[in-house]
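> Starting from these lines, generate the structure:
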Amino acid sequence: MDCCRVDLDGSTNDVHDIHKRAMMAAEIINMRHGWKQPQEIRDMRQQEIAEFCEYTLRNMERFDTDYYFKLLRMKGYEVTPKYDKQKKLVGYTIGKNASVFKVSAIGRKFMASRLEDTWRKLHPQSVQSRLRPAIPVNTFVAKPVRPVVPKTTTTQPRVHPSPHRPMLSMT
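Predicted coordinates:
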C-alpha cells in the first residue's frame, strides 16, 4: 500500500525522511522565535555534566565508584551503571531532564575503565602521600661509635701493673 500526504498547498509529500523534515521545521520555528536550538541545549548539558563529574572526582578524598555515583545522584543526575556477568562495572550513563549520555560521549576520561586513573591524575599528592610515609625516613645507617684507643708502638713502653706491687693510694 502506497500512501501520500497532501500539504496545505495541495502538494503531495511522501514519508521518506520525514523525521529530517520535521527537525528542519522545528529549527526554523526556533530561529524565528529566537529560541535555542536542540543541539545547543544538548551540548550545553553535556559540558555541564562533564564539569560536574570532574569537580566531583577532584573533591573525593578517596576513590569509590559507589560514592561517586551517589554524589552525582545527589546533584540531580540520573546514573545508570552497567555491569558484566562478574559484577564488574563496564560502563554507565548519566542523564538530566531529557538528555541522557553515555559517559564516553561526555569525556573518555570518565569511562568506567579510566575513572580511577582520572581520579589519580587529579590527586597526585594524595597518591604519593599514601605511597611514601609522611615522616621522611633516614636511609643513612650510622655505624656504631667505638672508642678510639691509641695504638701502642714500639717507641712507647708497655706498662703493666705488677701483681706483687701494691697500688698507691692518695688518702
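
> Can you point out the buried residues in the top strand by length along the chain?
Longest strand in the chain, counting residues (DSSP state E): strand 89-96. Going by neighbour count (16 or more other Cβ atoms under 10 Å), the buried part of strand 89-96 is 92-94, 96. From N, CA and C alone the C-beta is placed, and that goes for glycine too.

> Run through who's touching that strand.
45, 48-49, 53, 65, 69, 72, 76-84, 100-104, 106, 111-113 (Cβ atoms under 8 Å, 6 or more residues apart in numbering).

> How about stretch 41-48?
Under Cβ under 8 Å, 6+ apart, the answer for stretch 41-48 is 96-97, 99, 101, 105-106.

> Could you dump these into TSV and include distance to residue 30?
Below are the contacts of stretch 41-48 laid out as TSV (distance: Cβ to Cβ, whole Å):
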residue	distance to residue 30
96	21
97	17
99	17
101	22
105	23
106	24
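
> Could you identify the most distant pair in those residues?
Largest separation among these by Cβ to Cβ: 97 and 105, giving 16.0 Å.

> neighbour count winner among the two?
residue 105 (15 against 10; other Cβ atoms under 10 Å).

> ok, the more buried one to residue 84 distance?
21 Å (Cβ to Cβ, to the nearest Å).

> List the buried residues in the lengthiest helix in the chain.
With DSSP state H setting the assignment, residue counts place helix 38-59 as the longest helix in the chain. Residues of helix 38-59 classed as buried: 45-46, 49-50, 52-54, 56-57 (neighbour count, 16+ other Cβ under 10 Å).
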